[in-house]
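Engineer: predicted model and sequence follow; I will ask about them next.
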Amino acid sequence: MESTKKNESNVNITGIIAITVVILGIVAGVFWYSGSWDTTVVSRVESNKTEASIGFWTPRDFMDIKGQEKREQIAYGKQLIKHTSSYLGPKGSVKSLSNGMNCQNCHLDAGTKVYGNNYGSVKSLYPKMRARSGTIENIQKRINDCFERSLNGKALDLNSKEMIAMVAYIEFIGSNVPKDQKAEGSGLKDLDFLSRAANPQAGKVVYEAKCASCHNSDGLGIMSGSGKEYIYPPLWGPHSFNDAAGLYRITNMAKYVKYNMPLGVNHDSPQLSDEEAWDVAAYVVSMPRPHKSVPKDWPNITKKPIDHPFGPYADKFSERQHKYGPFGQMKKAK
């Protein structure tokens, strides 16, 4: 009798455990389906919390957008930033204006990544005087500069649906930054100068080891199956940014790769050493790419950045030193 009771008790306990497991499985399935346990989402949320807790800018929440029409306009602007070429590239569904690259190739995570050349300070600081043009520029001018330089294409019509949507997106995500203030973590993170010139040949070794798997050994990138945009953009060649783009300046390129590359790296955990970043930047900017004549750039040559690779200059340093450094002495002379 006692043995029978024990068996019955064991069966009951086993049954309870089985039912509990089933219930937990159902609950887990519901959470998984709803995305609550999606590791990508959790990771992104935790990353944003970490960044916010130490004072870095985060974009304004899309839930703050009032009105369906405005929400759709801003969402379209985001898509244009992420998939520019699908809409405005060589096979674009709207127009053919650019080289196949996307704005997001230079402004990571649709212009929201900390020190990923983000748009955090655009709304707060524009319109502003820019020494490159010697004029006060608005956001539309800045966008078209990117189309004509980084995307080696043609300017967008200022009144086009696409220009209006891109401006709306950029302004919205940065609307949580007070006027005339710079968002913490916007733009690119500073990088110390080397005591020597950056070395393109040493950079080639770095490139082949750490960059070629995505951008190809020939630097021409990897095109998507649709043939409309690049999965990994070309870093040189006929479909890359031209020599008037901001990333053609080695200080910008070195900062960009140091704190963002290989893809997935963050500013607080870089993989490249400072020397590797400078050298691989030197290699990339030494390679052939489209040329854009911009004779009106830097009307006041004393305002030229020390790494602008084309003369004339207001100092005695050569074009090669302006392109590759070393920059310490040049900085002191300014």
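Structural biologist: Great, that's in hand.
Engineer: give me the pLDDT for residue 331.
Structural biologist: On the pLDDT scale, residue 331 is placed at 88.
Engineer: do you know how far it is from residue 135?
Structural biologist: Distance, residue 331 to residue 135, using Cβ to Cβ, to the nearest Å: 26 Å. Bear in mind the C-beta positions are built from the backbone N, C-alpha and C, glycine included.
Engineer: tell me who's in contact with residue 330.
Structural biologist: 306, 315, 317, 321, 322 (Cβ atoms under 8 Å, 6 or more residues apart in numbering).
Engineer: in helices, which of those fall?
Structural biologist: In helices, defined here by DSSP state H, the members of the contacts of residue 330 are 321, 322.
Engineer: and the contacts of residue 330, which are buried?
Structural biologist: Among those, those classed as buried by 16 or more other Cβ atoms under 10 Å are 306, 315, 321, 322.
Engineer: picking up where we left off before, out of the contacts of residue 330, which is nearest to residue 199?
Structural biologist: Here the nearest of these to residue 199, counting by Cβ to Cβ, is residue 321; it sits at 13.4 Å.
Engineer: adding pLDDT and distance to residue 111, write the contacts of residue 330 out as a markdown table.
Structural biologist: Shown next, in a markdown table, are the contacts of residue 330 (pLDDT from 0 to 100; distance: Cβ to Cβ, whole Å):
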| residue | pLDDT | distance to residue 111 |
| --- | --- | --- |
| 306 | 96 | 27 |
| 315 | 95 | 34 |
| 317 | 97 | 34 |
| 321 | 97 | 33 |
| 322 | 98 | 29 |
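Engineer: which one of the contacts of residue 330 is nearest to residue 265?
Structural biologist: Using Cβ to Cβ, the contacts of residue 330 come closest to residue 265 at residue 306, 26.3 Å.
Engineer: ramachandran angles for that closest one?
Structural biologist: Here is the backbone geometry of residue 306 (degrees, to the nearest 10): phi -70, psi -20.
Engineer: for the closest residue to it other than its chain neighbours, identify the helix or strand it belongs to.
Structural biologist: When the adjacent residues along the chain are set aside, residue 306 lies closest to residue 330, with 4.6 Å between them (Cβ to Cβ, 6 or more residues apart in numbering). Using DSSP states H and E, residue 330 maps to helix 328-333.
Engineer: repeat that for residue 76.
Structural biologist: Here residue 76, judged by DSSP H and E, is contained in helix 68-82.
Engineer: please enumerate the strands of the stretch 1-150 of the chain.
Structural biologist: Ranges of strands in the stretch 1-150 of the chain, per DSSP state E, counting those that start in this stretch, are 128-130, 135-137.
Engineer: now do the stretch 151-300 of the chain
Structural biologist: Using DSSP E, counting those that start in this stretch, strands in the stretch 151-300 of the chain cover 222-223, 230-232.
Engineer: can I get these in TSV including mean neighbour count, distance to residue 311 and mean pLDDT?
Structural biologist: Formatted as TSV, the strands of the stretch 151-300 of the chain follow (neighbours: other Cβ atoms under 10 Å; distance: least, Cβ to Cβ, whole Å; pLDDT from 0 to 100):
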stretch	mean neighbour count	distance to residue 311	mean pLDDT
strand 222-223	15	36	96
strand 230-232	16	33	96
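Engineer: now these as CSV including distance to residue 73?
Structural biologist: Shown next, in CSV, are the strands of the stretch 151-300 of the chain (distance: least, Cβ to Cβ, whole Å):
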stretch, distance to residue 73
strand 222-223, 29
strand 230-232, 26
